[in-house]
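1. Sequence and predicted structure are below.
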Amino acid sequence: MIVEIGHFALILAACVALVQGVLPLAGTLNDNQRWQALAKPAATLQFLLIAFSFAVLAHGALTDDFSIKYIAGHSNSLLPTQYKFASVWGGHEGSLLLWMLMLSGWTLAVAIFSRTLPLAMVARVIGILGLVSTGFLMFILITSSPFERLLPAPADGKDLNPLLQDPGLVIHPPMLYMGYVGFSVAFAFAVAALLSGRMDAAWARWSRPWTIVAWIFMTAGIALGSWWAYYELGWGGWWFWDPVENASLMPWLFGTALIHALMVTDKRGGFKAWSVLLAIGAFSLSLLGTFLVRSGVLTSVHAFASDPKRGVFILIFLAVVVGVSLTLFAWRAPKATLGGKMGLVSRESMLIANSVLLVVATGAVLLGTIYPLIVDALNLGKLSVGAPYFNAVFVPLMVPVVFLMVPGGIAHWREARWAQLGHDLRWPALAAVVAGVAIWTLTERGTWLTGMGMALATWVVVGLLMQIAIRMKKPGRIAPSFWGMHLAHLGIAVITVGITMVKTYEVERDVRMGLNDTVTIENYSFELVGVSDVDGPNYKALRGDIKVTKDGKYLEMLYPEKRKYFSSAMPMTEAGIDSGLFRDLYVSLGEPIEGERMQWSVRVFYKPFVSWLWYGSILMVLGGLLAVSDRRYRKSANSIAQ
């Protein structure tokens, strides 16, 4: 009975979302404040109904209610409790319910934290979010209900995908979804500005903190996904240019561009139309990512659905959202003022150049992601676009993006003098040249690309230190957003070092090892001292005992595993990793090789600075948190509202 009530709560939530979407927006047209005031209570009620439905599904997973078709297909009585809970979003239907929980949560947050904003603006924003919610709830109810019954109930479930039975699954999808869905708030503010005809600095100032929070979650989600792939898949890689990875990268790139464009719109009143277009684009790319993951056009460990009807529904929904918002944009954008004048060399010009480059980079990723799908759909054959394309196209576009971080932070608003800018940049330039040439010429495997990567990282770090020193000399309190911006940019520099070093200096060996065999890389010796059977809660594993020494001195033991889950014939790899500040030692155990002497295939890596990829991501997240904590956003909202 409780399951049917959970399904009924979703139907009620769809009705409430429709009311939330229609009446407040209609109230803004005839200045009916009673209808406008319905937005907040409707948003609250919708969240409570969806939260109840989610709790019902979670209860079913935790209590092994296999009469629920979704639970029977994605859980198992032997699953550890944390993975039973994570199975709620381990499949298509449940992940959509999590998406809706996040969307209703964002809408409720807007209702709670927008008390100082004009009632009409709040009604428009919450109304637009209500219409988006209506679309997704209809999608769930028509094609993807997680509450379908399976009678008679099976004795046990099919189990969760073994790849997803990992602590990263418990954290990674909610983080990523919070980012995906969070861009809907920036989209709602942008469309609300178009509807009101007031494309001024006010909407940009109101939407900036929401955009930053969404970007924080997106950054954390992408970083967690990269880390999960690194330690779970056994390949030793951290980014594979998988189409579903690209589906999360594209809205992140647009969101980054949007944050920088909103800064110009807020500070100088410029690029209003560009900021609106970026807000529409960021959310549209989030919907495109949803289409790629759930339409069945992709085969990936990330992809959930394989039902073409679902893909058609999302594609129509995407077309409606993009079509209506771009039509509004074409109607209102020509009326937007240009804002203050700016010189060819100014902070505004560099920020806008940065955002344009990010958009071009997004286009390059989009082309490489969907072009093979288009070729396949037109029956023109199979085409694979892999890392060589993305590395050749995407990386060169990122070089000027990183380069412009320094002059973009030093240059004055409106217009900067060439001579003064050159004088300010002399020390970062000198440090960058010295660092780049040194690592290129003084290291054994260094190349000009290694030198360029380290030069860029040094350029950013020294430039940040200069900007901080210049600001410290000025009177007045330094806002948290200043520190947040520089911490996030420092994170980019740290990631640049990590990519440069691991790409240049990593060592990989694929070997056959029997008991007491040793392989040595970079002064580290790996000895297979034993292999044993291990029983897990829902799997059996073969575990290797690898003794690691350096220059003859014992360091530690690593325990890579080859697992076979009871519900799946597919073997899974659990790598043994010794992670340090400046290097990782990575070992994965392969299949046994029979012969005169029992051996196993073993893959051993030495990965310098690879952990800096995630340290840099942490710095970016912390920078975003500092920036969004700035009280100026709340003061600005108050002052504009008044």
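-> Perfect, I can see it now.
2. all helices for the stretch 101-250 of the chain, in order.
-> 119-143, 167-196, 201-232, 243-268 (DSSP state H, counting those that start in this stretch).
3. Looking at those, spot the one closest to residue 553.
-> helix 201-232 (25.6 Å; CB to CB). For glycine as for every other residue, the C-beta is placed from the backbone atoms N, C-alpha and C.
4. the inter-axis angle of the closest one versus helix 243-268?
-> 150 degrees (axes from the mean of the first three to the mean of the last three CA atoms, to 10 degrees).
5. Against which helices or strands is helix 201-232 packed?
-> helix 167-196, helix 243-268, helix 272-294, helix 612-628, helix 632-641 (3 or more CB pairs under 8 Å, 6 or more residues apart in numbering; DSSP states H and E).
6. coming back round to it: export the helices of the stretch 101-250 of the chain to a markdown table and tack on distance to residue 533, mean pLDDT and mean neighbour count?
-> Below are the helices of the stretch 101-250 of the chain laid out as a markdown table (distance: least, CB to CB, whole Å; pLDDT from 0 to 100; neighbours: other CB atoms under 10 Å):
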| stretch | distance to residue 533 | mean pLDDT | mean neighbour count |
| --- | --- | --- | --- |
| helix 119-143 | 43 | 94 | 23 |
| helix 167-196 | 23 | 90 | 24 |
| helix 201-232 | 21 | 91 | 24 |
| helix 243-268 | 34 | 91 | 24 |
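7. What separation do you get for residue 481 and residue 200?
-> From residue 481 across to residue 200, the span is 21 Å (CB to CB, to the nearest Å).
8. Save the helices and strands packed on helix 201-232 as CSV, and put in distance to residue 121 too.
-> Shown next, in CSV, are the helices and strands packed on helix 201-232 (distance: least, CB to CB, whole Å):
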stretch, distance to residue 121
helix 167-196, 6
helix 243-268, 16
helix 272-294, 15
helix 612-628, 20
helix 632-641, 9
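9. before we move on, back to that, in CSV: the helices of the stretch 101-250 of the chain, plus distance to residue 286.
-> Compiled in CSV, these are given as follows (distance: least, CB to CB, whole Å):
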stretch, distance to residue 286
helix 119-143, 11
helix 167-196, 4
helix 201-232, 9
helix 243-268, 5
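10. For residue 583, find the nearest of those helices.
-> Judging the helices of the stretch 101-250 of the chain by CB to CB, what sits closest to residue 583 is helix 201-232, at 14.0 Å.
11. Centre of the chain to the closest one, how far?
-> Chain-centre distance of helix 201-232: 6 Å, with CA atoms, centre = their mean, to the nearest Å.
12. And for stretch 135-150?
-> 25 Å.
13. Just name the shakiest helix or strand of this structure by mean pLDDT.
-> Here the helix or strand of the chain ranked lowest by mean pLDDT, DSSP states H and E is helix 632-641, holding a mean of 52.
14. which stretches of the stretch 401-550 of the chain form helices?
-> So, for the stretch 401-550 of the chain - with DSSP H, counting those that start in this stretch - the helices run 405-410, 418-424, 426-442, 448-472, 480-505.
15. Relative to residue 179, which of the ones you listed is closest?
-> Among the helices of the stretch 401-550 of the chain, helix 480-505 sits nearest to residue 179 (CB to CB), with 15.0 Å.
16. what angle separates that closest one from helix 448-472?
-> Using the same axes, to 10 degrees: helix 480-505 against helix 448-472 is 160 degrees.
17. can you offset everything so residue one is 17?
-> All set: I'll call the first residue 17, so the last point we hit is now helix 496-521.
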